[in-house]
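Student: The following comprises the amino acid sequence and a computationally predicted model.
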Amino acid sequence: MALGVESTGRASIGQKTLRTDRWWLAPLRIGVILGFFVVYATVRIFMNKWYWVDEFHYLTPLYSPCVTESCVPGSSHLGTWFGEFPRVIPFSIITFAVLAGFRGTCYYYRKAGYRSLFFAPAACAVPEPHKKYTGERKFPLIALNLHRYFFYGALVFGVLNVYDGIQAFHGEDGGFGIGLGTLIIWINLVMLWLYTLSCHACRHIVGGRLKNFSKHPLRYRYWTFVSKLNPKHGTYAMISLVTVIATDAYIMAVSAGWFSDLRIFN
């Protein structure tokens, strides 16, 4: 049975949509950004190099934490939990699994992915190419409901990224120092935490399942704070995606010796 605008109960219209605006621009723009990030991140995690600048203690977020004996000396802040990895296995396989799971199951990215990659639908009043709708009740889409559990993992990695950011205040003589890389890392940290804390799952965890806020003033305060961030969750999601790429690209360039880090202090 035909569904949506092609159902038997709807008027038969030859045009695919009556919209005259550039409705395709938003899903195209988001689709390009998402596609670029997927390709970039996939290439980078399989490179297994140029992720650590020993002189200034810069560690890219795509490889944090680096916990295998294959990691270059100095980059394993938490020690080495595993032996050497074969070349075909990324050092950052754990980081990639958790953070890709968090973003991939995110409510905003689900909407963006459905519209930009699967055209389901691409925009309001635009019919989708799929003949039926099954929701997220079957594999693999049912796994999207694991989002709140990936959120807990993202919190752990967020704390680890803050530790990496503190380590980035490392000068040339071993003391305190600030470079352009330090600023880039901390800008990325701010955007990552705004994205994480504005998450719908975070809002539910801090204030959900309560019948009376007056009996839980602390949780109400947290819920109010998160609720103020939540309307911009999509904005933070896309900006943090760009800052992650920019941070990794900068650290990769400095680590590879393509150019030197611009030092601000020491």
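Tutor: Arrived safely. Numbering: from 1, shown residues only.

Student: phi, psi of G207?
Tutor: G207 adopts backbone torsions of phi -140, psi 0, taken as degrees, to the nearest 10.

Student: wait, isn't it in contact with L218?
Tutor: No. With contact defined as C-beta atoms under 8 Å, G207 does not reach L218; the gap is 10.5 Å. For the C-beta atoms, the positions are set from N, CA and C on the backbone; glycine is no exception.

Student: Looking at those two, which one has more neighbours?
Tutor: Legend: neighbour count by other C-beta atoms under 10 Å for G207 and L218, higher for G207 (19 against 8).

Student: Figure out the helix or strand that the residue nearest to that one when sequence neighbours are not counted lives in.
Tutor: Excluding its sequence neighbours, the residue lying closest to G207 (C-beta to C-beta, 6 or more residues apart in numbering) is W223, at 2.8 Å. Secondary structure assignment for W223, by DSSP states H and E: helix 217-229.

Student: Please spell out which residues along the next helix or strand after that helix are buried.
Tutor: Counting by DSSP H and E, the next helix or strand C-terminal to helix 217-229 is helix 233-256. In terms of neighbour count (16 or more other C-beta atoms under 10 Å), helix 233-256 has its buried residues at 233-234, 236-241, 243-245, 247-248, 250-255.

Student: What's the per-residue pLDDT of the nearest residue to L144 once chain neighbours are set aside here?
Tutor: Nearest non-adjacent residue to L144, counting by C-beta to C-beta, 6+ apart: T105, 4.8 Å away. If you check T105, the pLDDT there is 93.

Student: T8 now?
Tutor: pLDDT at T8 comes out at 65.

Student: heads up, I number from 8, so please use that
Tutor: Right, with 8 as the first residue, what we last looked at is T15.

Student: Would you mind measuring from the closest residue in space to H240 that isn't next to it in sequence to Y243?
Tutor: Excluding the flanking residues, the one nearest H240 by C-beta to C-beta, 6+ apart is S205, at 4.2 Å. According to C-beta to C-beta, to the nearest Å, S205 stands 5 Å off from Y243.

Student: shared neighbours, those two?
Tutor: Contact criterion C-beta atoms under 8 Å, 6 or more residues apart in numbering; residues shared by S205 and Y243: L236.

Student: in the stretch 8-157 of the chain, which spans are helices?
Tutor: Assigned by DSSP state H, counting those that start in this stretch, the helices in the stretch 8-157 of the chain fall at 32-54, 100-111, 114-123, 154-174.

Student: quick revisit: just the angle between the helix holding W230 and helix 240-263, please?
Tutor: Interaxial angle, helix 224-236 versus helix 240-263 (axes from the mean of the first three to the mean of the last three C-alpha atoms, to 10 degrees): 80 degrees.

Student: sorry, back to before: might one say that the residue nearest to L151 is in contact with F157?
Tutor: Yes. Judged on C-beta under 8 Å, T112 makes contact with F157 at a distance of 5.7 Å.
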